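1. 3D model of this:
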Amino acid sequence: MTVVALDDTDSRTAGMCTTYAAHLVAEELRDVGVDVDRVLLVRLNPAVAYKTRGNAALAVHADVDLLVARDVASRVVEEHAEVGDDRTNPGVVVAHEADAPPAVAAFAERALREDIDPAEAEALAAAHGYETAGWGNGRGVVGALAAVGAWTAFDDWTYECIHYRPRDRWGTDRIVDAESVFDAADAAYPDAWDTVDRGEGELVCVPHTPGPILYGVRGDDPETVRWVADEFDSEPVHASELFVANQGTDAHLADAALADVEDGRAYRVDATVAGGPETREGGHVFVPVEDDDDATLQCVAFEPTKRFRAHVRRLRPGDRLTVCGEVADGTLKLEKFAVRDLVTTERVTPTCPGCGTNMESAGADQGYRCRDCSTTAGGKERQALDRDLDAGWYEVPPCARRHVAKPLVREDWDAPVHPER
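-> Just a heads-up that it's a prediction; the model follows:
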């Protein structure tokens, strides 16, 4: 089985989409009778600064000669990639095996969590006899090689059915009937997820970029995502492709201690709330956390996470959490968090049992007293807190979810879940 992988054919401003380039490669191979086994859509490190919106690399698994595969992929890149954008640096890697060797699989895992030098990717590809081609600075070879190793590196896969627009429609307003999308999304949930955001009334599956995608439906079952995509009333569809994806898997998260987190990576960290949440200009909600070794970290729920911020605002010092997200500038951007243990009492000034008023301090280390009744108390009392928050997992809504972040409706979790729809 040959694997032909490519990355970085799109542009932030001019559009295009690497999923579409992979579709064109797969279609050209099918047109000449080649059996295409699968097309992988692999989301890489979401914290990489030079990525386009989703940082996806693609790999076509097909029964085809290596040189034929390289020539087809190179021709597609030459004809369709936005190489005029100096931030677009495509790469192609062709491998002679779907089961990648350990070093290539490990490279794929690192590409979800690190920023890797293109020279390292070129050297590793050459060491395993892979064919490569690069344009510009060749950075796309990093993603392409990661896509080669992904099938071996990861074992949690989902699906996305993408419908594409005719070339002359790119850059124009998309015509998709919202009611038909919500109806199909409701019928297929939770096997298809993140199709819409019911709280915001938003069509999550319909992008706003000038590229070729009309819409894409994600889920755990290939037939379900195909059915949902076909149920939408929309402008004419030019082509479609079913992708096997690492979307919705949390493959980017690494378990770590607070002291070990670094900028440009994403983590799953256990911590305790160290101070009250603070809403700052723009509606962003910040909350500090710490661990038992006195390491600290600022967490933030940005304004685009919408109703998720209400959960963050309900946190109190002493709550024990697991927080998940990318770290940038020393701050963890919350994607989800789990409440492990809630503070349920607080220390308050004692109340006089005789007259019911709050006692006053009797002086340093002398407890409290009521001047009217002459009653005393040794210190503050514990009072039950009414917490409008339950134990378990909370997540950002679909409109704010990263491609690779796992929705709470997927699989089993280690605590109760409070999923967003």
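2. Helices along the stretch 51-200 of the chain, start to end?
-> Assigned by DSSP state H, counting those that start in this stretch, the stretch 51-200 of the chain shows helices spanning 66-80, 102-111, 118-127, 140-153, 178-188.
3. how about these, which one is nearest Asp365?
-> Asp365 lies closest to helix 102-111 among those, at 56.1 Å (CB to CB). No exception for glycine: its C-beta is placed from N, CA and C like everyone else's.
4. Need the mean per-residue confidence for that closest one.
-> Mean pLDDT, helix 102-111: 97.
5. in the strand of greatest length in the chain, what's buried?
-> Counting residues, the longest strand found in the chain (DSSP state E) is strand 331-341. The neighbour-count check on strand 331-341 (16 or more other CB atoms under 10 Å) flags Thr331, Leu332, Lys333, Leu334, Glu335, Lys336, Phe337, Ala338, Val339, Arg340 as buried.
6. Equivalent analysis for stretch 71-79, please.
-> Asp71, Val72, Ala73, Ser74, Val76, Val77.
7. circling back: contacts for the longest strand of the chain, please.
-> Residues outside strand 331-341 that contact it (CB atoms under 8 Å, 6 or more residues apart in numbering): 261, 266-267, 269-270, 286, 297-302, 305, 308, 311-312, 319-327, 389-396, 401-402, 405, 408, 413-415.
8. thinking again about what came up before, nearest to Tyr159, of the helices of the stretch 51-200 of the chain?
-> Once CB to CB is applied to these, the stretch that comes out nearest is helix 178-188, at 12.0 Å.
9. Restricting to C-alpha, output the closest one in PDB.
-> C-alpha atoms of helix 178-188 as PDB (Å, rounded to 0.1, in the frame of the first residue of the first chain):
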ATOM      1  CA  ALA A 178     -30.200  26.500   7.900                       C
ATOM      2  CA  GLU A 179     -33.400  24.700   8.700                       C
ATOM      3  CA  SER A 180     -32.400  21.600   6.700                       C
ATOM      4  CA  VAL A 181     -29.000  21.600   8.500                       C
ATOM      5  CA  PHE A 182     -30.500  21.800  12.000                       C
ATOM      6  CA  ASP A 183     -33.100  19.100  11.100                       C
ATOM      7  CA  ALA A 184     -30.400  16.700   9.900                       C
ATOM      8  CA  ALA A 185     -28.100  17.500  12.800                       C
ATOM      9  CA  ASP A 186     -30.800  16.700  15.300                       C
ATOM     10  CA  ALA A 187     -31.700  13.400  13.600                       C
ATOM     11  CA  ALA A 188     -28.100  12.200  13.600                       C
END
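10. pLDDT (mean, whole number) over it?
-> Across helix 178-188, pLDDT averages out at 98.
11. Which parts of it count as buried, going by neighbours?
-> The neighbour-count check on helix 178-188 (16+ other CB under 10 Å) flags Val181, Asp183, Ala184, Ala185, Ala188 as buried.
12. Let me see the residues that make contact with that helix.
-> Applying CB under 8 Å, 6+ apart, the contact partners of helix 178-188 are 192, 195-196, 198, 203, 205-206, 215, 219, 224-225, 227-228, 231-234.
13. Mind checking which of these are buried?
-> Buried members of the contacts of helix 178-188, scored by 16+ other CB under 10 Å, are 192, 195-196, 203, 205-206, 215, 219, 224-225, 227-228, 232, 234.
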